[in-house]
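Asker: The sequence and its predicted three-dimensional model are supplied below.
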Amino acid sequence: MGILEGKKLLVTGVLTDDSLAFGVARLAQSEGAEIVLTGFGRGLSLTQRVARKLPEPPEVLELDVSEPTHATAVAEALAERFGHLDGLLHSIGFAPASCLGNGILHAEWKDVATAIEISAYSLKTLAAACLPLFEAAGGGSIVGLDFDATVAWPGYDWMGVAKAALESLARYLARDLGPSKVRVNLVAAGPVRTIAAKSIPGFSVFEETWDGRAPLGWDVDDSEAVARACVALLSDWFPRTTGEIVHVDGGYHAVGA
């Protein structure tokens with residue numbers, strides 16, 4: 001019996017089989033969970049295709065977090081399929097090109113607003129839409145994927161600001177959802193070579209330095225440690241942990257130059 005036996009989960013952010021969310025989905029299934037994925041726009045067909053690579057190909061629902069009716073429709077579909085929800089993985093992030101690699105002074109507000117809406121506010125959008133399903137289950141767990149926002153990273157610029165907003169939002173959601181027994185935690189992952197990571201200017205800097213500086217070492221091609229942390233937080237093994245950021249980065253965040 002796995003640690004997610006019988007759990008019903010919604011997993012966002014699966015685009016290819018190197019997506020961090022794909023690793024979480026695969027491990028969650030092996031631990032006994034029944035999952036539903038989401039996809040968006042032109043990427044929806046990619047999500048549907050990669051879903052077939054999972055041990056048990058799941059249903060894929062369309063979700064554009066900038067379209068308010070989509071989150072409601074996803075929640076209604078989950079209610080019809082499961083009746084409740086035990087866990088949610090938030091693996092959603094996007095910033096227009098002007099927000100990355102150009103420094104902090106040049107992006108227009110409309111692009112910054114897009115980055116913050118998609119990468120941070122969407123956590124609230126999904127939490128609010130799914131709250132009745134969590135309450136029907138007697139509680140649950142929301143886990144978001146993060147990249148440490150306590151420092152300024154090369155090239156990350158406004159996406160770093162959006163991640164800082166995500167971290168703050170997770171704490172406020174933890175406060176407000178606690179009475180419903182819903183836990184909200186983030187996993188701050190080290191750099192993993194995914195489609196999303198490749199869009200970050202200067203990502204090669206992380207690849208070149210992270211392994212040597214992280215006390216436990218780091219492999220940018222291995223997301224297993226990140227998946228394990230997410231699955232553990234989605235399980236019942238952390239019943240009194242909420243508002244937390246768990247670093248899965250080989251210890252990089254803990255050491256100085």
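Answerer: Nice, I can see it.
Asker: What segments of the stretch 51-200 of the chain are helices?
Answerer: 68-81, 109-116, 122-137, 157-177, 195-198 (DSSP state H, counting those that start in this stretch).
Asker: any idea where the strands of the stretch 1-150 of the chain begin and end?
Answerer: Per DSSP state E, counting those that start in this stretch, the stretch 1-150 of the chain carries strands over the ranges 8-11, 34-39, 59-62, 87-90, 140-146.
Asker: any chance of those strands in JSON lines, with mean neighbour count, mean pLDDT and distance to Leu234 too?
Answerer: (Glycine included, C-beta is placed from N, CA and C.) Listed next are these as JSON lines, based on neighbours: other CB atoms under 10 Å; pLDDT from 0 to 100; distance: least, CB to CB, whole Å:
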{"stretch": "strand 8-11", "mean neighbour count": "26", "mean pLDDT": "98", "distance to Leu234": "7"}
{"stretch": "strand 34-39", "mean neighbour count": "23", "mean pLDDT": "98", "distance to Leu234": "10"}
{"stretch": "strand 59-62", "mean neighbour count": "18", "mean pLDDT": "98", "distance to Leu234": "18"}
{"stretch": "strand 87-90", "mean neighbour count": "28", "mean pLDDT": "98", "distance to Leu234": "4"}
{"stretch": "strand 140-146", "mean neighbour count": "27", "mean pLDDT": "98", "distance to Leu234": "5"}
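Asker: Put together a markdown table for these, with distance to Val248 on each row.
Answerer: What follows is the strands of the stretch 1-150 of the chain, written out as a markdown table (distance: least, CB to CB, whole Å):
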| stretch | distance to Val248 |
| --- | --- |
| strand 8-11 | 17 |
| strand 34-39 | 20 |
| strand 59-62 | 26 |
| strand 87-90 | 14 |
| strand 140-146 | 10 |
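Asker: List just the one of those that sits closest to Leu126.
Answerer: Closest to Leu126 of the strands of the stretch 1-150 of the chain is strand 87-90 (CB to CB; 6.2 Å).
Asker: That closest one: partners in the sheet, and parallel or antiparallel?
Answerer: strand 8-11 (parallel), strand 140-146 (parallel) (DSSP bridges).
Asker: Now tabulate the ones you listed in a markdown table and tack on distance to Asp17.
Answerer: A markdown table is the format used below for the strands paired with strand 87-90 (distance: least, CB to CB, whole Å):
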| stretch | distance to Asp17 |
| --- | --- |
| strand 8-11 | 13 |
| strand 140-146 | 16 |
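Asker: which sections of this structure are below the confidence cut-off?
Answerer: 197-198, 202 (pLDDT under 70).
Asker: hmm, 80 instead?
Answerer: 194-207, 257 (pLDDT under 80).
Asker: Please name the residues that touch the most centrally placed residue in it.
Answerer: Closest to where the C-alpha atoms of the chain average out (CA atoms, centre = their mean) is Ser91, at 2.4 Å. Taking CB atoms under 8 Å, 6 or more residues apart in numbering, we find Ser91 in contact with Val11, Thr12, Gly13, Val14, Ser19, Leu20, Ala21, Val24, Gly144, Leu145.
Asker: Now rank these by neighbours and give me the top one.
Answerer: Gly144 (32 neighbours; other CB atoms under 10 Å).
Asker: now that residue, nearest residue through space, not along the chain?
Answerer: His90 (4.0 Å; CB to CB, 6 or more residues apart in numbering).
Asker: Please report the distance of that neighbour from Gly101.
Answerer: Using CB to CB, to the nearest Å, one gets 25 Å for the distance from His90 to Gly101.
Asker: ditto for Val205
Answerer: 11 Å.
Asker: And for Val246?
Answerer: On the measure of CB to CB, Val246 and Gly101 end up 28 Å apart.
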